[in-house]
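J.: can you look at this prediction? I've put the sequence above it.
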Amino acid sequence: MANALVSIQILPTTPGGESVLPYVDRAIDIIKEAGVPYRVAPLETTMEGDLQQLLAVVARMSEALAELGCPSVISQVKIYYNPGSGASMDRLLEKYPDGR
């Protein structure tokens, strides 16, 4: 059972002032590669899983963008941690399954 939800908005400084979109796409690819449930939203992406695993994904995202040449990366992170009864995106979104 997942014990955490982690939402992240990643804001890379790009080489030469390039568009951030390809870098954000790479960050989302890191989440996909981790194999955790996730949901992309307009301003952030939310992942579901074990807190330590999700924090490692956040670290890997920053490292990957640095490897691509980003001189710096700002990540705004929100954490919902519930080790007792678990954390679930579906449970929190029951009332709004399509986001409306």
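T.: Nice, I can see it.
J.: hey, let's count contacts and neighbours off CA atoms from now on
T.: Noted.
J.: and the longest helix along the chain, how far out from the chain's middle?
T.: In the chain, assigned by DSSP state H, the helix with the most residues is helix 51-67. Chain-centre distance of helix 51-67: 9 Å, with C-alpha atoms, centre = their mean, to the nearest Å.
J.: show me what the helix or strand just after that helix is in contact with.
T.: Using DSSP states H and E, the next helix or strand after helix 51-67 towards the C-terminus is strand 72-81. Contact with strand 72-81 is made by 3-14, 51, 62, 65-66, 87, as judged by C-alpha atoms under 8 Å, 6 or more residues apart in numbering.
J.: just after strand 72-81, pick out the following helix or strand.
T.: Once strand 72-81 ends, the next helix or strand along the chain (criterion: DSSP H and E) is helix 89-92.
J.: pull out the buried residues from that next one.
T.: By neighbour count with 16 or more other C-alpha atoms under 10 Å, helix 89-92 contains the buried residues residue 89.
J.: please apply the same query to stretch 65-75.
T.: 65, 66, 70, 73.
J.: ok, now stretch 49-69?
T.: For stretch 49-69, the buried set under the neighbour-count rule, 16+ other C-alpha under 10 Å, comprises 49, 50, 51, 54, 57, 58, 60, 61, 62, 65, 66.
J.: and it, average pLDDT?
T.: Here stretch 49-69 scores 97 as its mean pLDDT.
J.: ok, and what's touching it?
T.: So stretch 49-69 is contacted by 1-6, 8, 12, 14-15, 23, 26-27, 30-31, 34, 36-37, 47-48, 72-73, 75, 81, 87 (C-alpha under 8 Å, 6+ apart).
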